[in-house]
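# Let me see the structure of the following:
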Amino acid sequence: MHIKEKKFKSKDKLIGATLNEFCENNFENASLNRIIKNAGISKGTFYYHFKNKESLYLFLLKEGFDAKWTFINSYTTEHTVDFSKMDIFDKFLYQAKAGMLFASEYPKYYKLGNMFLKEKGNPIYKKAIEHLRNDSSEILTHMIDAAYENNELHTSYSKEFINKLLIHLFSYYDDIFTDSTNDLDKSLANLENYVRFIKYGLKN
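Numbers count the residues shown, from 1 in each chain. Here you go, the predicted model:
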């Protein structure tokens, strides 16, 4: 799935061309020939690094995922807020706000994410979710482990139960809120309510 380690001088051009193509077209309609042409590389060069359009698409989604978390981590360390003193729920929200800022500064990756959500029901969506879930779950598991050790979570529930529940809730957030893909403020408001619900429930 991943690009081969051999130095690839045209990698950035290929990523740029791929990002442009998948921001404007769904997976089925995206043209690999057009990507290769716009990247200015040969088919031989492409097939040396990638098996097919699917492997390129999964690679691009992973690039976007990594870029977002690099941005979030940098944002967290560069600002004066003491992230270490937040509970897990405030950390979720703080990271979400950083993610929204990433979306505004890297609109093509944000648009790619929106286009990806439209793939629900198609085979590529399930493959991509499985491709990214391990990395996402690892991040959440680390946060949950720390929260559990700091007594931030209800001790009547096992860590395994909380881990599975929260990973599921955050992994499938977009299945619930699919109406806010073009409105960052509404997306953030929905997420704030979502995290508040997880923390406090619906009891008055």
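# what about the residue nearest the centre of the chain, distance to Leu56?
Residue closest to the mean C-alpha point of the chain, counted by CA atoms, centre = their mean, is Phe65 at 4.3 Å. Per CB to CB, to the nearest Å, Phe65 is found 15 Å from Leu56. (Glycine included, C-beta is placed from N, CA and C.)
# what helix or strand is the residue lying closest to Leu61 once chain neighbours are set aside on?
Residue nearest to Leu61 in three dimensions, not counting chain neighbours: Ala128, with 5.5 Å by CB to CB, 6 or more residues apart in numbering. According to DSSP states H and E, Ala128 maps onto helix 123-149.
# and the next element down the chain from that helix?
Next along from helix 123-149, by DSSP H and E: helix 159-171.
# Where does pLDDT dip in this structure?
1-8, 80, 178-182, 204 (pLDDT under 70).
# Now with 50, please.
Low-confidence segments of the chain, defined by pLDDT under 50: 1-2, 5-6, 180-181.
# Please enumerate the helices of it.
Using DSSP state H, the helices of the chain run over residues 11-24, 32-39, 43-49, 53-78, 88-105, 107-117, 123-149, 159-171, 173-176, 184-200.
# now the angle between helix 11-24 and the second one, please.
Just to be clear, that refers to helix 32-39. Angle of helix 32-39 versus helix 11-24, following axes from the mean of the first three to the mean of the last three CA atoms, to 10 degrees, is 130 degrees.
# which secondary structure elements does helix 32-39 contact?
Counting contacts by 3 or more CB pairs under 8 Å, 6 or more residues apart in numbering; DSSP states H and E, helix 32-39 packs against helix 11-24, helix 43-49, helix 53-78.
# From the contact counts, what lies against the helix holding Ala128?
Helices and strands touching helix 123-149, by 3+ CB pairs under 8 Å, 6+ apart, are helix 53-78, helix 88-105, helix 159-171.
# So which other helices or strands are in contact with the shortest one?
To tie it back to what came earlier, the one meant is helix 159-171. If you count contacts as 3+ CB pairs under 8 Å, 6+ apart, helix 159-171 packs onto helix 123-149, helix 184-200.
# How about the second one?
Packed against helix 88-105, as judged by 3+ CB pairs under 8 Å, 6+ apart, are the following elements: helix 53-78, helix 107-117, helix 123-149, helix 184-200.
# now it, how far from the centre of its chain.
12 Å (CA atoms, centre = their mean, to the nearest Å).
# That one versus helix 159-171: what angle between them?
Here helix 88-105 runs at an angle of 30 degrees relative to helix 159-171 (the same axes, to 10 degrees).
# go on, the longest one?
Helix 53-78 and helix 159-171 are oriented at 110 degrees to each other (the same axes, to 10 degrees).
# Measure how far helix 53-78 is from the centre of its chain, please.
The answer for helix 53-78 is 7 Å, by CA atoms, centre = their mean.
# buried stuff in it?
Across helix 53-78, burial judged by 16 or more other CB atoms under 10 Å covers 53-54, 56-65, 68-69, 71-72, 75-76.
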